[in-house]
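**Q** just the structure for this:
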Amino acid sequence: MQLVQIPFSTDAPDSLRLKLWRDHRIDVPITALAGRLWVRISAQIYNDMDDYWRLAQTIIKLSR
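**A** Predicted coordinates for the structure are as follows:
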C-alpha cells in the first residue's frame, strides 16, 4: 500500500471517492490527513498497471 497526495481540497474526500466510483468505476480509499488529500493505492493480484494508469489519468483530468 502507498499513500499518494492528490491535488484536491481537503474538505471533500467522500464526494471525490463517490465521483470516482459513479463516473469512472474506480474504487479507491481517499482520506484527508495533515491538511492534504491522499489516495491509498494497493498492489493486488486483480490490479494491473493499466488500472493504476487509469486512476492517475482520471485524477489529473479531474484536478483541472
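**Q** and the residue lying farthest from the centre of the chain, how far is that from Asp51?
**A** For the chain, the C-alpha farthest from the mean C-alpha position belongs to Ile45; by CA atoms, centre = their mean, that distance is 18.7 Å. Between Ile45 and Asp51 the distance is 12 Å, computed by CB to CB, to the nearest Å. Bear in mind the C-beta positions are built from the backbone N, C-alpha and C, glycine included.
**Q** what does Met1 give?
**A** Taking CB to CB, one finds Met1 at 15 Å from Asp51.
**Q** those two: which is more packed in?
**A** Looking at Met1 and Asp51 with other CB atoms under 10 Å, you find the greater number of neighbours at Asp51, namely 14 against 8.
**Q** packing partners for the helix or strand where that one lies?
**A** Element membership of Asp51 [criterion: DSSP states H and E] is helix 49-63. Packing partners of helix 49-63 (3 or more CB pairs under 8 Å, 6 or more residues apart in numbering; DSSP states H and E): helix 13-24, strand 36-41.
**Q** give me the below-cutoff pLDDT ranges for this protein.
**A** For the chain, no stretch is flagged by pLDDT under 70.
**Q** neighbours around Ala56, how many?
**A** Other residues within reach of Ala56 by the criterion other CB under 10 Å amount to 14.
**Q** and for Ala32?
**A** 15.
**Q** also the one 5 residues further on?
**A** If you count neighbours by other CB under 10 Å, Leu37 ends up with 18.
**Q** same deal with Ile6?
**A** A count of neighbours around Ile6, defined by other CB under 10 Å, yields 19.
**Q** can you start the count at 59 instead of 1 from here on
**A** Renumbered: residue one is now 59, and that last one reads Ile64.
**Q** and the residue most central in space within the chain, what are its bridge partners?
**A** Nearest to the mean C-alpha position of the chain, by CA atoms, centre = their mean, lies Val97 at 4.4 Å. Note on Val97: beta-bridge partners Val62, Ile88, judged by DSSP bridges.
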